[in-house]
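Engineer: no sequence on this one, just coordinates:
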């Protein structure tokens, strides 16, 4: 199947391309940009006039809820959501049930995903068995099975000796370690940012120190072990400052932020809106501004959806009893565009955070860009069109998001995965 | 976002919190309560205002005092009262909060008086009723987590008004475990709304919530300094499970530093009143000599509490 995407505005951050051009696809790969390769005869032409043609988005955290939580969402439903959101590569955190700590489980997940033939799946394996923070997982075998990194999702390791050993072992193979900065005791029993809003609402708080204390530990252990550290879901200005300092001292560390923390603050909890119950908690306005600035300036490397579908029963409870998380795959592009618009950032720089920059963190080389020979994962969207986020419009089985009822820019028109049209048309 | 406790005409639909409740509504409740205090002195202590109405006391957390005063208030208004201790029934069987509510709605409830250990639970119920078009059913928050205990806050305001008449010249101190106290939060909201120029909170840093000064209070850690010249001392209850551990070393030390004794009370104005929401821990937050002394108005608080709850219920659901 040969496809020509005609007349679109091609934005390819990795190649610093932003121009009107045709994209030619053959055999599931990008064949050429601009002028047609010799003898190219398109089986299908997609008219992209007025639309943006970008690499398919790469999401650093999407929970597909399999195995273990199929009542909340399934691979099918969430893959559909990914396609509708223009997301063609997903990193999957290990907090499934059972946790992704065994090569067999990972192989099964990859096999199931491949059979569905939609987004590419990049499992992030558990750093310790069952995420329990006691015994190391079989890292070498897990990587052989297809894992791209190791993490504890949002279940922190209590014993720092185990954490240090796990980082050492991972560093032996130069494997990536992704850690979410949560100090176990400081965050225990808390549900919202420890500040004015939590005080007023009487919600037990999680102090910023829960993030900074963990970050101090992680950064220090990365220094002594030489582990390749990526910090996930930054939530506070102080946390970002610690990362800045570590870099200034010559440390190589990357970090990401979720769409929710980029756009919302604890004020959005309003009257106990359980859709704003997230991990880490939404922090203050000041923190949000710092995260926005950090992402704009590239000090935060990537933006992710932190897609966590929760069923209605999990949210129709008092705030502190509700399940944390929000759906996000279909919001990643609109909220990237909204942020770019607000920050006055050129589209090419904004899209980098959800394509090439995210690809670098996972270690994907053949996607995240539109160079000839790259996997033809493409997202074609209308940046002008406004979409209203509501329960009916979301394909994800999780209908919970703080953005319900909000109108956002950016409508995905077509999604291609390896040169096949998987959405639109 | 619609104010969840007011209807579209700006009238009280539910009583969920005193935070953001307009001053005229608070005053109207206090004014309505005044004549109800006399009902208790009659031989027949009943009014027909809620005759034929069904009020469900929905207590997801144990309480004797608050539940009893709500029950008495409802019965004095001639309502039918059903007490449900849900902590020992449905939820133990796995029923969700909103399923319980739906079942009681099907039994033609007119009002829910709700106590729940989780902050915001009564809001969830109110939102659920609104979403289902049940604007004929009212919710009264009888205490949710650390968030609010609006009828306690109102009865405290009634008590202060009874003894001090005017709020606008007062200095009020709230002492003790503010962190875990829904009572303190409701008191602060009401006092600031009613125009009290200085509201103080006094306690150790471990028992004062982050950014509490943003609620419009002055923070004191030194009790003597904090009590100096105040008109009203509002003591808070210290829960047993918080006395020994990471928040406080021992109840003895707490008593020594923040317990209200006659000697410390002498720093307040000579006509200062002493309040406590009950139940008291004598010898922990308050000395018996003060609790039983001439300045204490702790028992009148209980009596006024019934009148205030009658006022709230009759304003919400009265004919």
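Structural biologist: Looks like it arrived, so ask away. Please read these numbers as outputs of a predicted model, since none were measured by experiment.

Engineer: only C-alpha atoms for contact and neighbour calcs from this point on.
Structural biologist: Fine.

Engineer: show me the contacts for the residue of the stretch 101-250 of chain B found nearest chain A.
Structural biologist: Going by CA to the nearest CA, chain A is nearest to residue B:147 of the stretch 101-250 of chain B, at 4.0 Å. By CA atoms under 8 Å, 6 or more residues apart in numbering or on different chains, the contact list for residue B:147 reads A:200, A:201, A:202, A:203, B:119, B:120, B:181, B:182, B:185, B:186.

Engineer: TSV please, covering those and showing distance to residue A:41.
Structural biologist: Output for the contacts of residue B:147, formatted as TSV (distance: CA to CA, whole Å):
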residue	distance to residue A:41
A:200	65
A:201	64
A:202	66
A:203	62
B:119	64
B:120	63
B:181	74
B:182	72
B:185	72
B:186	74
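
Engineer: Helices - which of these land there?
Structural biologist: The helices, defined by DSSP state H, take in A:200, A:201, B:182, B:185, B:186 from those.

Engineer: Farthest pair within these?
Structural biologist: Farthest apart among the ones in helices among the contacts of residue B:147 by CA to CA are A:201 and B:186. That separation is 10.6 Å.

Engineer: packing partners for the helix or strand containing residue A:6?
Structural biologist: Taking DSSP states H and E as the criterion, residue A:6 maps to strand A:2-12. Here strand A:2-12 touches strand A:17-26, strand A:44-47, strand A:52-55, helix A:347-352, going by 3 or more CA pairs under 8 Å, 6 or more residues apart in numbering or on different chains; DSSP states H and E.

Engineer: Quick check: can you name the pairing partners of it and their directions?
Structural biologist: strand A:17-26 (antiparallel), strand A:44-47 (parallel), strand A:52-55 (parallel) (DSSP bridges).

Engineer: Pull up the overlap in contacts between residue A:201 and residue B:186.
Structural biologist: B:147, B:148.

Engineer: near chain A, which residues of chain B show up?
Structural biologist: B:96-98, B:118-121, B:123-124, B:145-148, B:179-180, B:182, B:185, B:209-212, B:214-215 (CA under 8 Å from any CA of the partner chain).

Engineer: In ChimeraX, how would I select just the buried ones from the residues you listed?
Structural biologist: In ChimeraX, a selection of the buried entries from these looks like this (16 or more other CA atoms under 10 Å in any protein chain shown):
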select /B:97,98,118,119,120,121,123,124,145,146,147,148,179,180,182,185,209,210,211,212,215
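
Engineer: picking up where we left off before, looking at the helices and strands packed on strand A:2-12, which is buried most?
Structural biologist: Highest mean neighbour count of the helices and strands packed on strand A:2-12: strand A:52-55, a mean of 30 (counted as mean count of other CA atoms under 10 Å in any protein chain shown).

Engineer: quick one, longest helix in the chain?
Structural biologist: If you meant another chain, say so; for now it's chain A. Criterion DSSP H: the longest helix present in chain A is helix A:209-225.

Engineer: that's the other chain; I wanted chain B
Structural biologist: Chain B, longest helix under DSSP H: helix B:298-317.

Engineer: average pLDDT for that one?
Structural biologist: Average pLDDT, helix B:298-317: 97.

Engineer: So what does the most centrally placed residue in chain B have for phi and psi?
Structural biologist: The centroid of chain B falls nearest to residue B:152 when counting by CA atoms, centre = their mean (2.0 Å). Reported as degrees, to the nearest 10, the phi and psi values for residue B:152 are phi -70, psi -40.
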